[in-house]
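1. please find the sequence and the predicted model below.
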Amino acid sequence: MFQKEEHISRLIVNYLKGELSVTGTNELNAWLKASERNREWFGQFCEQQKLKEELRAFDTVRSEHIWKKTNKKINEKPNPVRKTHLWPRIGIAAAVAVMISCVALFLYKNHLNKPVTFTNDIAPGKQGATLTLASGKKINLSDAASGKLTEQSGVTITKSANGQLVYELKKTNGTTADPGSVNTLSTARGQTYNLRLPDGTLVSLNAASSLTYPASLTEQGKRRVKLEGEAYFQVARDKAHPFIVETDRQQVEVLGTHFNINAYKDEPSTKTTLLEGSVRIAIAPGKEIVIKPDQQSIVSASGIKVIPVIAETYIDWKEGGINFRKENLTSIMRKVSRWYNVEVEYRDKVDPEQTFTGYVTRTGNISAVLDALSKISDLKFQIEGKKITVFK
């Protein structure tokens, strides 16, 4: 068992150094996908060790004080076999080996943590949404029975047995769908929903989000939708009709690809994460970029930038998780708030800008999320009705 953890820990160390190969990335992704516990371990270690900068500095280390700083951080982790004078002038390779052992030991022993208990609890969100038709009629999809919901000119709208909203162009004698029939699919806090558009494009809508689109989808030769909130798109390929996603900060254009957009209005930036294919992101005339798989664009008041990421970790919400990497507490708790439909209050000396890296499941009650957060921080949580209080 420990041998397997040693291999995984090597992958994690290379990830922290920014030197993970394609094969290593695939192996680490497979391990992360294997279980929620693996993702929790990964996040907790990345946060608790805080060694990314020091690891990257290994290849160009020039001075003794950098090494001493790294040594001090490693030795802060409890280790029953540690010796006081273990690090006089040890080489880089040995340093990485010891870190790998630390990671493996962390993975091996972490399951001993005991959960925090809460007097009250809150159930997770569930599948549900509201469909607003061009006429203004609203259909509560949580209550609607499976089967045909309605017809608009040239378009049939149904709810599948597994709760997916499906649009299908009717095959009629020369009759085409009316592009002016605009629909909106919206989720409340604590809801998610899946949609299949007439071209076969699949959209997963996260909590507190909305997607507005023509019922026929195609308008003036382009497939155009408007997003508020967060959604994952699996766009059907159609070279003749580009697929465009508009948000309040940007416009994304693709032909066929898989990507995630986080465009909540209460977030300081809009993040587009690409899983396959390529997308063009424009924020103004002449200001556009193209991103590739495992890249993320960040659009904010200061402009646009691109960073490398493990793209799969940014769609964990689809599989019942909350992923965060060097993310501040307020941003993390906004995710918790949207999914569990709660308000969050900060008390005492809590720093809302403190950053964390980790993964927690959102398939269980909120207590499980708060328990996981408490293990990677010095924070405490109290549940009162639909309000979460964060304190120390």
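-> Noted; the coordinates are in hand.
2. for the closest residue in space to W317 that isn't next to it in sequence, give me phi and psi.
-> Take W317 and drop its neighbours on the chain: the residue closest to it by CB to CB, 6 or more residues apart in numbering is N206, 5.5 Å away. All C-beta atoms are positioned from the backbone trio N, CA, C, and that covers glycine. Torsion angles at N206 (phi, psi; degrees, to the nearest 10) stand at phi -80, psi 180.
3. for N206, give me its contacts.
-> Under the criterion of CB atoms under 8 Å, 6 or more residues apart in numbering, the neighbours of N206 are 187, 192, 229-232, 317, 338.
4. that one and S21: what is the separation?
-> Noted for N206: a distance of 31 Å to S21, by CB to CB, to the nearest Å.
5. what do you get for K222?
-> Following CB to CB, the distance that separates K222 from S21 is 39 Å.
6. who has more neighbours out of the two?
-> For K222 and S21, the more surrounded residue by other CB atoms under 10 Å is K222, and the numbers stand at 13 against 10.
7. can you check the pLDDT for that one?
-> pLDDT recorded at K222 is 92.
8. what do you get for G154?
-> Spelled out, the predicted local distance difference test score at G154 is 81.
9. counting neighbours, what do you get for it?
-> Here the number of neighbours of G154 (other CB under 10 Å) works out to 19.
10. where along the stretch 201-350 of the chain do the strands fall?
-> Assigned strands in the stretch 201-350 of the chain, in chain order: 202-205, 210-214, 218-219, 222-234, 243-246, 251-254, 258-263, 270-276, 279-284, 287-291, 295-300, 303-308, 321-328, 343-346 (criterion: DSSP state E, counting those that start in this stretch).
11. show me what the fourth one is packed against.
-> Read it as strand 222-234. Packed against strand 222-234, as judged by 3 or more CB pairs under 8 Å, 6 or more residues apart in numbering; DSSP states H and E, are the following elements: strand 202-205, strand 210-214, strand 243-246, strand 258-263.
12. tell me the domain ranges of the protein?
-> Using automatic domain parsing, the domain ranges for the chain come out as 2-112, 128-312, 320-391.
13. of all these, which one is nearest T119?
-> Among the domains of the chain, domain 320-391 comes nearest to T119, with 7.3 Å by CB to CB.
14. and the closest one, average pLDDT?
-> Along domain 320-391, the predicted local confidence has a mean pLDDT of 90.
15. measure the residue nearest to the spatial centre of the chain to E168 for me?
-> When the chain is reduced to its mean C-alpha position, the closest residue under CA atoms, centre = their mean turns out to be Y314, at 3.0 Å. Applying CB to CB, the value for Y314 to E168 is 30 Å.
16. please apply the same query to I12.
-> Taking CB to CB as the measure, I12 and E168 are separated by 46 Å.
17. more neighbours: the two, which one.
-> Set I12 next to E168 and count neighbours by other CB under 10 Å: I12 wins out with 25 against 14.
18. quick check: the more buried one is in a helix.
-> Yes: the assignment for I12, made by DSSP: H, G, I helix; E, B strand; the rest coil, places it in a helix.
19. what does the pLDDT read for it?
-> So I12 comes in at 75 (pLDDT).
20. distance of the closest residue to S209 other than its chain neighbours relative to T247?
-> Nearest residue to S209 in three dimensions, chain neighbours excluded: G229, at 2.5 Å (CB to CB, 6+ apart). Note on G229: its distance to T247, by CB to CB, is 9 Å.
21. overlap in contacts, the two.
-> The overlap between the contact sets of G229 and T247 (CB under 8 Å, 6+ apart) consists of A263.
22. for the helices and strands packed on strand 222-234, give me TSV that also has distance to F118 and mean neighbour count.
-> Written out in TSV, the entries for the helices and strands packed on strand 222-234 read as follows (distance: least, CB to CB, whole Å; neighbours: other CB atoms under 10 Å):
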stretch	distance to F118	mean neighbour count
strand 202-205	29	20
strand 210-214	32	21
strand 243-246	39	21
strand 258-263	29	23
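23. now distance to T330 and mean pLDDT too, for those strands, in TSV please.
-> Supplementary listing: these in TSV, determined by distance: least, CB to CB, whole Å; pLDDT from 0 to 100:
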stretch	distance to T330	mean pLDDT
strand 202-205	23	98
strand 210-214	23	96
strand 243-246	26	96
strand 258-263	15	97
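24. now render these as a markdown table, adding distance to Q382.
-> Conversion of the helices and strands packed on strand 222-234 to a markdown table gives the following (distance: least, CB to CB, whole Å):
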| stretch | distance to Q382 |
| --- | --- |
| strand 202-205 | 31 |
| strand 210-214 | 32 |
| strand 243-246 | 39 |
| strand 258-263 | 28 |
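25. quick one: closest of those strands to D348.
-> Ranking these by proximity to D348 (CB to CB) places strand 258-263 first, at 29.9 Å.
26. what residues are up against the residue nearest to R280 when sequence neighbours are not counted?
-> What sits nearest to R280 in space, not counting adjacent residues and going by CB to CB, 6+ apart, is E253, at 4.7 Å. When the contact criterion is CB under 8 Å, 6+ apart, the partners of E253 are 242-244, 279-280, 282.
27. okay, among the residues you listed, which ones form the most distant pair?
-> In the contacts of E253, two members sit farther apart than any others by CB to CB. They are F243 and A282, at 14.0 Å.
28. is it fair to say A372 lies in a helix?
-> Yes: when the secondary structure is assigned by three-state DSSP, A372 falls within a helix.
29. that one - nearest residue in space that isn't next to it in sequence?
-> The nearest residue in space to A372 (CB to CB, 6+ apart) is V360, at 4.1 Å.
30. repeat that for V309.
-> Q296 (4.6 Å).
31. any idea how far that neighbour lies from A129?
-> Distance check for Q296 against A129: by CB to CB, it reads 26 Å.
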